[in-house]
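need a 3D model of the sequence below.
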Amino acid sequence: MKNNIKILLAAMALLLMSCEPIYIGGKIEDSGGGGLDHPFSTDVAVYDGRLASDSLADIVGRDPYIFWEQNQFPYFVKLTWDGPQVQVESNNERILCETQGANVVIDLLTRDVAGVAIILQGQSNDASLKIYGRRNIKLEMNGVQLVSQRGPVINNQCKKRLFVHLNAQTVNTLEDAPIYTDDFYYLPGNDALSEDRKGCFFSEGHLVFSGRGVLRLKAKYRHGIASDATMYVRPGVTLVLDEAAKNAIHIKGDTGDDMGIHVAGGYIYAKTQADAGKCIKTDLHFLQSGGELCLNTTGHAIYESESDGLESDLADTSSPACIKADVNVHIKAGSLFCRSIGTGGKAINCDGTMLIEGGNIQAETNGEDFVLIDSISGDTLSTYPHVLKADADLRVMGGQLNLAASLNSEKAAVLKSDACILVDGGNLYAYAGDDVLNAVDIHFRGGRSFLYSVNNDVLDADNQILLEDGLILANAANPFQSSMTAPLIRLDGARLLALSGSMTQLPDQESLQPFRIQRFDAHRGQHLALMQGDSCLMAYEMPFGLDDLVLLSSHPALTPDTRLFLGSSANITSSTQPWHGCYENPIWQGGRLVK
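Predicted coordinates:
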């Protein structure tokens, strides 16, 4: 069988080589509707009052690090704000409390008090809360509206877990000061320089959010929610971060827990207009295993140098991102909406591996390229509005992905990896002005992929492109670009329809699966069909029109007798709906034979 395949490949190669040149330049048709348009938007999705819809999924487990219910909090401090004043109630006289107006400091550290729940309610336009301690604390928000005039609204200096519980049907709002000044009280030996204050809601320790209420923040100074440890969000929680001077959520992470942020459920809306701002930023890993996220950035990329406090070897560009992880990103379930419209802005960006195993992801960028020429060295510094960007491998193993990269960019890819892109499951729709996928190696092993490039190649690899399985619909609408570009292209499997105006390189003759290359004129909306006898292997509605179009097709059932027909939807009978214009194994009747 393998020898027969090699003979077929060799025959096809000879046929193609007789049609010199291999580089084929057609022209976009003058009629027929042109190419496929993606409905880009520069509108920022505004918060519409949506609440988490998964509260029934919040089943209490046994892990005491996640579930406050597995801990004991027999003592309480209740703070009730009323304008410039605050009422303090407690059932434990060992708890120390300092107040100045409506600003409160609770000291659980000096007398080492454990098992304390702090309850917040009321409203004030000049209030804050600082907490000292060395044990886990429960912070219960029972309908509180606070604005700080001097710093963070909530400043937790305890390095242990802070269980933040949002009581059902409550709306809790926090807004910090645009300029931070010294606190009115510090523990002996502490001062403003020794205590971090990184945002509206800051915690030295881990943050675990639970409950069926709403927490809404406006960060006027820097970050919205910030922690020097980890952050965990349980189902039922609603977090709304309308405004952030820098990052909406900024979590350092903990190497012992090997985690930065874990969104297990809930609903998170975040928006930042800051240059180089991130909706979600972690120094370690980001994991989403449930919930809904709606993330928006409008700021632009910047160049951070020594003048920004960095060492010279760390000077680099910094771009906005809906999600930025300094290590890995892992999406297992849930839904995610990302829109980044500023220069160089990205949807998801990580310095490690990106793994997508499930969920529903809708993401787009709409900014221009950020390009800066250093006035001293003459070096060009740049960053581009990629949709999904990973410095290591980028793996799509499942999920529903609807992605679009900016048409205002000359180099923005939908999937960009400095290593390998692997597609092995899921449904991927990807639309780009430049390359759709760009990596060192590109490997398809499963799933369904509709890929469309307006102006460049669809698949661009520095080393190799390997197709082993899956449905791949690759569309390069520019008449002078190819569907695939790499030093080595192997077709060892997959159901492939690759349309382009040019082909600069043939698939490798050692490929394990037959392929064929044909040229013909086609119009947008026409249907093509690969016929094996009376059986239709695949039918496809053309998403763009081109004179002298190149079709590279491959299929496990492809033989030298496979024929290509052109027709319309009237030629197709199918019991299933097409996937982005593609029918598999439909009934095809009539049409025009392409010779």
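
Arg62: neighbour count?
Arg62 has 8 neighbours, counted by other Cβ atoms under 10 Å. Glycine gets a C-beta too; all of them are placed from N, C-alpha and C.

quick one: contacts for it?
Contacts for Arg62 (Cβ atoms under 8 Å, 6 or more residues apart in numbering) come out as Gln70.

give me that answer again for 10 Å
Glu69, Gln70 (Cβ atoms under 10 Å, 6 or more residues apart in numbering).

and if you look at Leu593?
Counting by Cβ under 10 Å, 6+ apart, Leu593 has contacts Met531, Arg563, Leu564, Phe565, Leu566.

the last one: which element?
With elements delineated by DSSP states H and E, Leu566 resides in strand 563-567, which encompasses its position.

buried ones in that strand, by neighbour count?
Using 16 or more other Cβ atoms under 10 Å as the test for burial, strand 563-567 gives Leu564, Phe565, Leu566, Gly567.

quick one: strands adjacent to the helix or strand harbouring Phe444?
Here Phe444, judged by DSSP H and E, is contained in strand 437-453. Take DSSP bridges as the rule and strand 437-453 pairs in its sheet with strand 415-417 (parallel), strand 420-432 (parallel), strand 459-476 (parallel).

now do the buried residues in it.
437-439, 441-453.

tabulate the CA atom coordinates of that strand in CSV.
Output of strand 437-453 as CSV, limited to C-alpha atoms (Å, rounded to 0.1, in the frame of the first residue of the first chain):
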residue,chain,number,x,y,z
LEU,A,437,-1.0,30.1,12.7
ASN,A,438,2.7,31.0,13.1
ALA,A,439,5.2,28.9,15.0
VAL,A,440,8.4,26.9,14.7
ASP,A,441,6.4,23.7,14.2
ILE,A,442,2.7,23.3,13.4
HIS,A,443,1.1,19.9,14.0
PHE,A,444,-2.6,18.9,13.4
ARG,A,445,-3.7,15.7,15.1
GLY,A,446,-7.5,16.2,15.4
GLY,A,447,-10.4,18.5,15.8
ARG,A,448,-12.0,20.8,13.2
SER,A,449,-10.3,24.0,12.0
PHE,A,450,-11.6,26.8,9.8
LEU,A,451,-8.6,29.1,9.0
TYR,A,452,-8.8,32.3,6.9
SER,A,453,-6.1,34.8,6.1
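
now that strand: how far from the chain's centre is it?
The chain centroid and the centroid of strand 437-453 are separated by 17 Å under Cα atoms, centre = their mean, to the nearest Å.

any idea of the mean pLDDT for it?
Strand 437-453 shows a mean pLDDT of 99.

Leu355 touches Ser417, doesn't it?
No. Leu355 is beyond contact range of Ser417, at 11.9 Å (criterion: Cβ atoms under 10 Å).

so Gly421 is in contact with Ala461, correct?
Wrong residue type there; residue 421 is Ile, not Gly. Yes. With contact defined as Cβ under 10 Å, Ile421 reaches Ala461; the gap is 8.3 Å.

need the overlap of contacts for those two.
Jointly contacting Ile421 and Ala461 under the rule Cβ under 10 Å, 6+ apart are Leu437, Asn438, Ala439, Val440, Asp441, Ile442, His443.

for the residue nearest to Asp460 when sequence neighbours are not counted, give me its contacts.
Using Cβ to Cβ, 6 or more residues apart in numbering and skipping the chain neighbours, the partner closest in space to Asp460 is Asp435 (4.3 Å). Asp435 sits next to 386, 405, 411-416, 451, 453, 455-461, 476, 481, 485 when contact means Cβ under 10 Å, 6+ apart.
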